[in-house]
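S.K.: Kindly return the folded structure for what I paste below:
(chains A and B)
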Amino acid sequence: MEPHLSINPVSDIEALFSYPFMVNALEAGTIVAVMAAMVGWLMVVRRESFAGHTLSLMSFPGAALAALVGWPLVSGYYVFCVGGALAIAVGGEGGALSGGHSAGDRRARGRRERTQESAATGAVQAGALALGFVFLSLYGGVLEDLETLMFGSFLGIDSAQVLTLGVVALVVLAGLALAGRPLLLASVDETVARARGVPVQALSVAFLVMLGLAVAATAQITGALLVFALLVAPAASAQQLTARIGLGLALSVALAVAVTWVGLGLSYFTNLPVGFLITTLAFLVYLAARVRGRAA
Amino acid sequence: MGGADPAESAQWAVEMSDAAVRLGGSEIWSGVDFQAREGELVAVLGPNGAGKSTLLHVLLGLLAPSKGSVRVLGGAPGAHNEQIGYLPQRRVFDETTRVRGVDLVRMGLDGSRWGVPLPAVGPWASRARAARARVQEAIGQVGAEEYARRPIGECSGGEQQRLLIAQALVRRPRMLILDEPLDGLDIPNQVAVTALVQRICREQGVAVLLVAHDVNPLLPYLDRILYLAGGKALAGTPEQVITGETLSALYGTPIEVLRTADGRMVVVGHPEGHHAHGPRHVLG
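M.R.: Reported below is the predicted structural model:
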């Protein structure tokens, strides 16, 4: 039953929905796309793309550890992505605490904090990859489905996994709904947020954890190496197209869902890896948005 | 913690007596005695590193004084922050900041609240409309209607500064605390922002405490001045403080105060006033 793309789009879509694994994949993909697009939008506003990228690589040591101790691979994703988020938060904080207070110092502090956070992020990334390698050699075997781990797959997503993804997404989206406004204020204008009593530091840690959860979830569809596509491209495209907050978020979600659906559909009919298709589509959308943003 | 008792909301916006502050083990200033009434326009002046911004942080309750007492709007510092509009030292938004001016002003209104904004339908419609109207009003007060819907990063320095003042104003504060609001603005914008601040102070009875580098553009409008230099403070009305002797003693360098034909004072020889003689041409 080799799938064929026919001339008739209705029958093509019917074909897509006739297999339970495909329905699961579409459900999981939609959940992941919505979450990644929202969290990604804030990540781009906060200029924490490097942290997002680092967290996306955490799936590798996560999966290696899970294989070593015999857990399901996915649980390793969550452990390492959330742990990595906390490590980045702790490492980045050092700069904030050592900051000076005179006017000149304060100007330098923003730079120092960012430098400190990106250095800490880089260290976490290198350390995690090294750990992953150690786990893998201790495990001694070959990670099953290494390619799936890296580049994603929509095969074999069962309904339990969809349910887990749904719960994770609910937690993350509820967190965003609760903390969204103070988080945005702290991202755009930290000094004012502090003066208003917004717990800037705590929110920054909380956001990294949400980012970690979103990454761990997204990696199950796109694969570890290509998480970033879904996290950053729709959000960055939306920001190119509009400076409105609500519209930007909506656009980011719409683009991510569209890219995921089309990617999954094309993957079904072409047998090309879904991670590749989603990434390529997301990149094309971003290119188009850049061109349009320039022209406007 | 000071309560919200209106009778307590005396006439003093700021009362500091024998206040001192330490940062990282060293004393920044000490022995500061200073009062400002509600509705007054006050400048905090002094050379770089004198602790001007630190003073604002103390007033906002972000930093505790090491000695003495400080009261703000009749309560402990920080107790009435919701009645204070704060403009931190100039932040420049570059073109990668994709947030509109109007959204930034809105953040001043309810940006620190938890939860999602209420939808503008049904029972919440009138509240949502009132919030929007308040944002528009604040934008109108600073004359920023024309560019408020552009991404903030695409606005000029002067435009950004006006929008940020609108953000500080949007909650109808009793007091504005402005940290170097004129810094980095060109002369026309310095004049315009000064006039705007003065108008808000006079028309709405808002106390304004602003940190400035150069006293001259502000001098005609000031009710009170607080000079910080060398760990000490000097406070009073412009007539009391702005004299050649007091400023020379404070800075330890000769400073002259001249009077123009129309009776205005000009400070010459200001230690960090290398630009006090002529206009600063800094692009905003």
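
S.K.: Doesn't residue B:85 lie inside a strand?
M.R.: Yes: assessed by DSSP: H, G, I helix; E, B strand; the rest coil, residue B:85 belongs to a strand.

S.K.: neighbours of the closest residue to chain A within the stretch 151-284 of chain B, just the number please.
M.R.: With Cβ to the nearest Cβ as the measure, residue B:151 is the residue of the stretch 151-284 of chain B nearest to chain A, at 3.9 Å. Any C-beta I mention is one placed from the backbone N, CA and C, and that applies to glycine too. Residues lying near residue B:151 (other Cβ atoms under 10 Å in any protein chain shown) number 21.

S.K.: Leaving out sequence neighbours, find the closest residue to it.
M.R.: Once flanking residues are discounted, residue B:151 sits nearest to residue A:243: 3.9 Å by Cβ to Cβ, 6 or more residues apart in numbering or on different chains.

S.K.: Quick check: residues of the stretch 101-250 of chain B near chain A?
M.R.: Contact residues, the stretch 101-250 of chain B versus chain A (Cβ under 8 Å from any Cβ of the partner chain): B:103-104, B:107-108, B:110-117, B:150-151, B:167.

S.K.: list the contacts for residue A:40?
M.R.: Counting by Cβ atoms under 8 Å, 6 or more residues apart in numbering or on different chains, residue A:40 touches A:52, A:214, A:230-232, A:234-235, A:252, A:256.

S.K.: Quick check: mean pLDDT of the one helix or strand it maps to?
M.R.: In the assignment (DSSP states H and E), residue A:40 maps to helix A:20-45. For helix A:20-45, the mean per-residue pLDDT is 93.

S.K.: How about stretch B:17-30?
M.R.: Average pLDDT, stretch B:17-30: 91.

S.K.: How far off centre is that stretch?
M.R.: Relative to the chain's own centre, stretch B:17-30 is displaced by 21 Å; criterion: Cα atoms, centre = their mean, to the nearest Å.

S.K.: Would you mark the buried spots in it?
M.R.: B:19-23, B:28-30 (16 or more other Cβ atoms under 10 Å in any protein chain shown).

S.K.: Alpha carbons only: can I get stretch B:213-232 in PDB?
M.R.: In PDB, the C-alpha atoms belonging to stretch B:213-232 read as follows (Å, rounded to 0.1, in the frame of the first residue of the first chain):
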ATOM      1  CA  HIS B 213      23.300  66.200  33.700                       C
ATOM      2  CA  ASP B 214      23.000  69.800  32.800                       C
ATOM      3  CA  VAL B 215      21.000  72.100  35.000                       C
ATOM      4  CA  ASN B 216      20.700  75.000  32.600                       C
ATOM      5  CA  PRO B 217      17.800  73.900  30.400                       C
ATOM      6  CA  LEU B 218      15.800  73.100  33.600                       C
ATOM      7  CA  LEU B 219      16.700  76.000  35.800                       C
ATOM      8  CA  PRO B 220      13.700  78.200  35.000                       C
ATOM      9  CA  TYR B 221      11.300  75.500  36.000                       C
ATOM     10  CA  LEU B 222      12.800  74.000  39.100                       C
ATOM     11  CA  ASP B 223      11.200  74.300  42.500                       C
ATOM     12  CA  ARG B 224      14.000  72.500  44.300                       C
ATOM     13  CA  ILE B 225      17.400  71.100  43.600                       C
ATOM     14  CA  LEU B 226      19.300  68.200  45.200                       C
ATOM     15  CA  TYR B 227      23.000  68.300  44.500                       C
ATOM     16  CA  LEU B 228      25.000  65.200  45.100                       C
ATOM     17  CA  ALA B 229      28.800  65.300  45.000                       C
ATOM     18  CA  GLY B 230      31.700  63.700  46.800                       C
ATOM     19  CA  GLY B 231      29.400  61.700  49.100                       C
ATOM     20  CA  LYS B 232      27.600  64.800  50.300                       C
END
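
S.K.: Look up how far chain A lies from the nearest residue in space to residue B:231 that is not next to it in sequence.
M.R.: By the measure of Cβ to Cβ, 6+ apart, the closest residue to residue B:231 outside its immediate chain neighbours is residue B:29, 5.1 Å from it. Distance of residue B:29 to chain A, given as Cβ to the nearest Cβ, to the nearest Å: 12 Å.

S.K.: same thing with residue B:134?
M.R.: 16 Å.

S.K.: show me what contacts that residue?
M.R.: If you count contacts by Cβ under 8 Å, 6+ apart, then residue B:134 has B:109, B:170 around it.

S.K.: could you say which helix or strand contains it?
M.R.: helix B:125-141.

S.K.: in that helix, what's buried?
M.R.: In helix B:125-141, counting by 16+ other Cβ under 10 Å, buried: B:131, B:134-136, B:138-139, B:141.

S.K.: mean confidence score for that helix?
M.R.: Over the span of helix B:125-141, the pLDDT mean works out to 92.

S.K.: how about it as CSV, C-alpha atoms only?
M.R.: Extracted as CSV, the C-alpha positions of helix B:125-141 are listed here (Å, rounded to 0.1, in the frame of the first residue of the first chain):
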residue,chain,number,x,y,z
ALA,B,125,-15.9,45.3,27.2
SER,B,126,-16.2,48.6,29.0
ARG,B,127,-13.1,47.9,31.1
ALA,B,128,-11.1,47.0,28.1
ARG,B,129,-12.3,50.1,26.3
ALA,B,130,-11.4,52.3,29.3
ALA,B,131,-7.9,50.7,29.4
ARG,B,132,-7.5,51.5,25.7
ALA,B,133,-8.7,55.0,26.2
ARG,B,134,-6.3,55.6,29.0
VAL,B,135,-3.4,54.4,26.8
GLN,B,136,-4.5,56.8,24.1
GLU,B,137,-4.8,59.6,26.5
ALA,B,138,-1.3,59.1,27.8
ILE,B,139,0.0,59.0,24.2
GLY,B,140,-1.9,62.2,23.6
GLN,B,141,-0.4,63.9,26.6
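
S.K.: Packing partners of the next helix or strand after that helix?
M.R.: Using DSSP H and E, the next helix or strand after helix B:125-141 towards the C-terminus is helix B:157-169. Helices and strands touching helix B:157-169, by 3 or more Cβ pairs under 8 Å, 6 or more residues apart in numbering or on different chains; DSSP states H and E, are strand B:84-87, helix B:101-110, helix B:125-141, strand B:175-179, helix B:187-204.

S.K.: between the third one and helix B:187-204, how big is the angle?
M.R.: Interaxial angle of helix B:125-141 relative to helix B:187-204 (axes from the mean of the first three to the mean of the last three Cα atoms, to 10 degrees): 130 degrees.

S.K.: rewinding a little: lowest-confidence entry in the residues of the stretch 101-250 of chain B next to chain A?
M.R.: Lowest confidence among those: residue B:117, with 82.

S.K.: count of residues packed around it?
M.R.: If we define neighbours as other Cβ under 10 Å, then residue B:117 has 16 of them.
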